[in-house]
Every structure is written in C-alpha cells, then in structure tokens.
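1. Make a model of this:
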Amino acid sequence: MNSVKICWLYDDLLDLYGDSGNLMILEKRLAQMGIPWETSRLSLADEPDFLAYDMIYIGPGKAKNLARAAEHFVQFKENALQAVEEGRVFLITGNARLLFGREFTGFDGKIRPGAGLFPYTGKETGSVFISDVVGAWAFAPDTPSYGFVNRTAHIEGNDEFPLCSVRLGAGDGEGPAEHEGNLYKNFFATWQLGPVLVKNPVLLREILVRLAGDRMADYDDSLEKKALELTLAEFPQA
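-> This next block holds a predicted model:
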C-alpha cells in the first residue's frame, strides 16, 4: 500500500497556537484507517517539489518569519500552482494565506509577490485583531463551523471560492464580512487557528476523503462533534 506523502512546509518558521495539531490529527486518523503516511519537514534550505506530495500544509507565523518564507516560496510558485491544479491537497492556515495572493505588504512596508493563485492582496498592519468566528463550510452549508482568529494582517479583494460563510465574527478584511477563506479544487485556506481540524471534525473528514480516496474508512469522531456542539452553544446569537 502506497504511503500518503505529506509536506509540512516551514515547520520551523510558521507554527503558532498549536497549529501543528492539524498534522497530528491527520496522522492519527490515517493510522486508524490503516493508511501509511510519511511527513517531510521542509524549509528555507530545501527546494520543494510539491508534485511529489499528496498534501502540503503551511501554518501561521510571526510577520518577520512569514516575510522570510515568502522570499523563498515565490521561487517555487509555478510548481505550487501546478500542484494545486493537479489536485494535490493543500491546507493553509493563518497568515500563510498571504503567500497565495497577488502580493502583500509585509511588516517592513515592503511589497512581496505571492503565488497569484488568487487575485487578492494582503497587508501586515502590526495591530492585533482577535475574533471568534462562527459560520458554515461551503462544502457542507448546513454544518456549523467554529474558529478563532488572532492576526496582524488582513486580505482585500478575496471575492472568489470562499471556504466558509461567516455568521458571527471576522472575515478576510479588517472587519465583519460574509465569508472568509478559500476552497479551490483541493486547496483549503482559512484564517482560523489553533488547530482548525481538531475543532471542526467535518472539515477534517472532508480533507481526509479527498486525501485517502477509495481507502477512506469510517472512524469515531463523536467526542470532537460534542466539543464543537458545546463550543457553539456559547454563541446562541450566531
């Protein structure tokens, strides 16, 4: 049986708020289904070939670290875009989303080019913005979602392929919005942190279905569903 190959890009630069838990729960579920997996950690000293992997994960980091990652990542943007178009699974969380827009203004005021998968632009402001987010997933609009945002950047002009509708809390911009994130083919991106796959079992299951294909098997996620239910009960206004 072939292993599911996962690339954790910039694990040493971009990992805040326990977002590494996204990989931990993915690996746990793959193991429960009897699917072998391999996780490679790549960073600035490497030349990644995203086509060699089934899944690519990039998490959030401090603004200075993201700037360093951006200068490296842009060298491989064509390869990354090809991997997206060919259906590789991507999970991009927090300010790592800035890598996939047209460009973004960094912490130092310098404009850095992105991969251009989407036409939006981003900006690091230096001001901390915190918000709970309650919404619903684009692939499961009747299933509620919960996330937490803690960021110093925002995105403007993201009007295509939303991942999540927003009922309460922050969208992509500086204030409230109708949606946030992106879902294009098997590319999932969200501002939601800490780790979003543990908090949202439906999102985890959707990614696993796309990753595992016909090897997908059922597993018990009743505790995660109960935890989400209890969390959402704290936001009756949503």
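
2. I'd like the average pLDDT over stretch 81-96.
-> Taken as a whole, stretch 81-96 has a mean pLDDT of 98.

3. Likewise for stretch 152-171?
-> So the average pLDDT for stretch 152-171 ends up being 93.

4. Would you map the helices across this protein?
-> Remark: helices assigned in the chain by DSSP state H are 21-32, 63-73, 77-85, 196-199, 201-212, 222-232.

5. quick check: angle from the second one to helix 77-85?
-> Between helix 63-73 and helix 77-85, the angle formed by their directions is 90 degrees, by axes from the mean of the first three to the mean of the last three Cα atoms, to 10 degrees.

6. wait, doesn't Ile25 sit right on Ile207?
-> No. Using Cβ atoms under 8 Å, Ile25 is not in contact with Ile207; the gap is 10.1 Å. In short, each C-beta sits where N, CA and C put it, glycine included.

7. Identify the contacts common to the two.
-> By Cβ atoms under 8 Å, 6 or more residues apart in numbering, Ile25 and Ile207 have these common neighbours: Leu197.

8. can I get the helices of the chain in CSV with distance to Cys7 and mean neighbour count?
-> As requested, those are exported to CSV (distance: least, Cβ to Cβ, whole Å; neighbours: other Cβ atoms under 10 Å):
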stretch, distance to Cys7, mean neighbour count
helix 21-32, 10, 18
helix 63-73, 12, 19
helix 77-85, 10, 17
helix 196-199, 16, 23
helix 201-212, 13, 20
helix 222-232, 25, 13
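
9. Let's have the ones you listed in JSON lines, adding distance to Gly109.
-> As requested, those are exported to JSON lines (distance: least, Cβ to Cβ, whole Å):
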{"stretch": "helix 21-32", "distance to Gly109": "31"}
{"stretch": "helix 63-73", "distance to Gly109": "11"}
{"stretch": "helix 77-85", "distance to Gly109": "22"}
{"stretch": "helix 196-199", "distance to Gly109": "30"}
{"stretch": "helix 201-212", "distance to Gly109": "35"}
{"stretch": "helix 222-232", "distance to Gly109": "38"}
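
10. Show me the one of those that comes nearest Val128.
-> helix 63-73 (11.2 Å; Cβ to Cβ).

11. Now that closest one: average pLDDT?
-> In the prediction, helix 63-73 has an average pLDDT of 97.

12. any idea how far it is from the chain center?
-> On the basis of Cα atoms, centre = their mean, to the nearest Å, helix 63-73 sits 17 Å off its chain's mean C-alpha point.

13. Check stretch 203-219 too.
-> From the chain centre to the centre of stretch 203-219 is a distance of 17 Å (Cα atoms, centre = their mean).

14. Kindly export it (C-alpha atoms) in PDB.
-> Only the C-alpha atoms of stretch 203-219 are listed here, as PDB (Å, rounded to 0.1, in the frame of the first residue of the first chain):
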ATOM      1  CA  LEU A 203     -13.600  19.800   7.800                       C
ATOM      2  CA  LEU A 204     -11.100  17.100   8.800                       C
ATOM      3  CA  ARG A 205     -13.300  14.400   7.300                       C
ATOM      4  CA  GLU A 206     -13.700  16.300   4.000                       C
ATOM      5  CA  ILE A 207      -9.900  16.700   3.700                       C
ATOM      6  CA  LEU A 208      -9.400  13.000   4.500                       C
ATOM      7  CA  VAL A 209     -11.900  11.900   1.900                       C
ATOM      8  CA  ARG A 210     -10.000  13.900  -0.700                       C
ATOM      9  CA  LEU A 211      -6.700  12.700   0.600                       C
ATOM     10  CA  ALA A 212      -7.500   9.000   1.100                       C
ATOM     11  CA  GLY A 213      -9.800   8.400  -1.800                       C
ATOM     12  CA  ASP A 214     -11.200   4.900  -2.000                       C
ATOM     13  CA  ARG A 215      -9.100   4.000   1.000                       C
ATOM     14  CA  MET A 216     -11.300   6.200   3.200                       C
ATOM     15  CA  ALA A 217     -12.800   4.300   6.200                       C
ATOM     16  CA  ASP A 218     -15.100   5.400   9.000                       C
ATOM     17  CA  TYR A 219     -13.800   6.400  12.400                       C
END
